[in-house]
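Trainee: how would this look folded up:
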Amino acid sequence: MTALDYGDMVRLTDPKGRHHTFVLESGGHFHTHRGGISHADIKGQPEGSVVQTEQGVEYLVLRPLLSDYVLSMPRGAAIIYPKDAALILQLADIHPGQRVIEAGVGSGGLSLWLHRTLGSDGELISVEQREEFADIARANVETYFRGAPPARWDIRIGELSEVLESEKESSVDRVLLDMLTPWECLEQSLRVLVPGGVILCYVATVTQLSRVMEALRDSGLTTEPEAQETMVRGWHVDGLAVRPEHRMIGHTGFLCWARRLAPGTRLPQPAGKKTKPDYAEVDIEAWTPGAVKQREETPKKLRKLQRETASRSEKTARKPSKKSRRDQ
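Mentor: Here you go, the predicted model:
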């Protein structure tokens, strides 16, 4: 890896383990309550170097990992945490060259993981209802890729149902739904999914999980759906002082997934399986979008995030070399 240069994203870590992520700029200065660090002092350093403020406080300098970047980037909507993104890549069996549709692009967190895994031969179609969120996600992705968004990335603004109508039957390898009511789009999602393809839904609440699982079963077009959540707990290890950390990353969301059956195929039923219990109108009401609380960002905050992410993207855009300027 080359030495750090202007336009690079860097992460400084102080002696207490606190992180600070920013873009190196000509004339830039990193400020703290115990002195600052000029960006010029960081430029040219290799990763893993240590720099000091004017008061002698040391900071470790590294380029941020993708997980670091996702957690530090500006957010218009809640992100899919790295622990869930890693599981999505595994459970949906995402690999290079696939054609993937994701609905609910949010702030672009999952899009970044998908781009890294799909490679240059894969294609990602990201569907987002709100243009403000799409702008923030696009700028976050462009910032990470130094101003050059992936070539085969198609962001579409609008309803997922309208996007799916334009797709041919069995033309998509994977469908990933991060939305409030994924059960409303299952029929169309399964129509465009190839036999054996994976559909995966990311939902936040138990009621959402229950409804989408039942909708997958009732479709008769998939394998028996599965569901899980993952919680991550770190450990403190210092000599003989070995114990779990007091804090952990607990519930963030549920993942439920299934695979598309071949047309006309009926899933074999295990012998002696009991009929599932019925549910009443009061249960249906608990499943409706109105009963599921969703955080709404104010228009003022979204405009601020749009400006911030666009500015970060411009700062990281790769500039042509001196040689290329002469050639021009």
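Trainee: partner strands of the longest strand belonging to the chain, with direction?
Mentor: The longest strand of the chain (DSSP state E) is strand 193-203. Applying DSSP bridges, strand 193-203 is found paired with strand 172-177 (parallel), strand 254-259 (antiparallel).
Trainee: which of the ones you listed sits most buried?
Mentor: strand 172-177 (a mean of 25; mean count of other CB atoms under 10 Å). Yep, even glycine has a C-beta here, placed from its N, CA and C like the rest.
Trainee: want to throw the strands paired with strand 193-203 into TSV with mean pLDDT and distance to Tyr6?
Mentor: Listed next are these as TSV, based on pLDDT from 0 to 100; distance: least, CB to CB, whole Å:
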stretch	mean pLDDT	distance to Tyr6
strand 172-177	98	36
strand 254-259	97	40
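Trainee: now find how far off-centre the longest strand of the chain is within its chain.
Mentor: 17 Å (CA atoms, centre = their mean, to the nearest Å).
Trainee: contacts for it?
Mentor: Here strand 193-203 makes contact (CB atoms under 8 Å, 6 or more residues apart in numbering) with 80, 84, 88, 91-93, 170-178, 182, 186, 189-190, 209, 212, 216, 222, 253-263.
Trainee: try 7 Å
Mentor: Residues outside strand 193-203 that contact it (CB atoms under 7 Å, 6 or more residues apart in numbering) are 80, 84, 88, 91-93, 170, 172-178, 182, 189-190, 209, 212, 222, 253-262.
Trainee: circling back to that earlier point, pipe the strands paired with strand 193-203 into JSON lines and attach distance to Lys304 per row.
Mentor: Formatted as JSON lines, those follow (distance: least, CB to CB, whole Å):
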{"stretch": "strand 172-177", "distance to Lys304": "28"}
{"stretch": "strand 254-259", "distance to Lys304": "31"}
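Trainee: go ahead and confirm Thr21 touches Arg11.
Mentor: Yes. Using CB atoms under 7 Å, Thr21 makes contact with Arg11 at a distance of 4.8 Å.
Trainee: looking at these two, which is more packed in?
Mentor: Arg11 (19 against 16; other CB atoms under 10 Å).
Trainee: doesn't the more buried one belong to a strand?
Mentor: Yes. If the criterion is DSSP: H, G, I helix; E, B strand; the rest coil, then Arg11 is within a strand.
Trainee: tell me how far it lies from Ser126.
Mentor: 26 Å (CB to CB, to the nearest Å).
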